[in-house]
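In: this is a predicted model, with the sequence first.
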Amino acid sequence: MPIHPNSLANLKPIPYSKENPAVGGGRKIGSRNRKNIVREWLDVASKAELDGKEYANITQADKLVLSMIREANNGNVAAFNTLMDSVFGKVPNVSVTEQPVKYNMAAYSTEQLEAMAAILANPANPDNNIQEAEVVE
């Protein structure tokens, strides 16, 4: 199937210029990004009444945190988890099997060690889910 010449013309890159509306021009000089706007509004202080108490010069961020604490106290699990992650950091999602297992072999008797060796020697045993272990002397 032959290619129409106009199709090839459409594939040519559009030269960059500030006057070319197809290219745009990027962000306008002096425009603020959303993060800075949100931070400015969160820092605005005002009077507030929370839980029947009057507060003066409390920021929007303070209001949000106090309302999140109130929600966590009322049983909102998502608010509780968000607060705990903010204070103590997010708990890493690490599986127990990904970490090496260390055994102190001196704490076991000879009979116990022989029983463990028999379990490890029989891979057909469905209860044998022990992968690797590091021996600590």
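Out: That came through, no problem.
In: helix/strand/coil for K102?
Out: strand (DSSP: H, G, I helix; E, B strand; the rest coil).
In: give me the neighbour count for it.
Out: When neighbours are counted by other Cβ atoms under 10 Å, K102 registers 9. Where you see a C-beta, it was placed from the backbone N, CA and C, and this is true even at glycine.
In: return the set of residues that bridge with it.
Out: Note on K102: beta-bridge partners E134, judged by DSSP bridges.
In: element containing the residue nearest the centre of the chain?
Out: Centroid-nearest residue in the chain, with Cα atoms, centre = their mean: K90, separated by 7.4 Å. For K90, there is no host helix or strand (DSSP states H and E).
In: need phi/psi at it.
Out: phi -70, psi 140 (degrees, to the nearest 10).
In: in the protein, which helix has the most residues?
Out: Taking DSSP state H as the criterion, the chain has its longest helix at helix 60-73.
In: which parts of that one are buried?
Out: Counting neighbours by 16 or more other Cβ atoms under 10 Å, one finds that the buried residues in helix 60-73 are Q60, D62, L66, M68, E71, A72.
In: with those residues in mind, which one is nearest to D51?
Out: Within the buried residues of helix 60-73, proximity to D51 (Cβ to Cβ) peaks at L66, which comes in at 8.2 Å.
In: could you find the closest non-adjacent residue to that closest one?
Out: Ranked by Cβ to Cβ, 6 or more residues apart in numbering and with sequence neighbours excluded, the top spatial neighbour of L66 is L50, at 5.4 Å.
In: circling back to that earlier point, for the longest helix of the chain, packing partners?
Out: Here helix 60-73 touches helix 34-42, strand 45-50, helix 77-88, going by 3 or more Cβ pairs under 8 Å, 6 or more residues apart in numbering; DSSP states H and E.
In: that one versus helix 34-42: what angle between them?
Out: Helix 60-73 runs at 80 degrees relative to helix 34-42, counting by axes from the mean of the first three to the mean of the last three Cα atoms, to 10 degrees.
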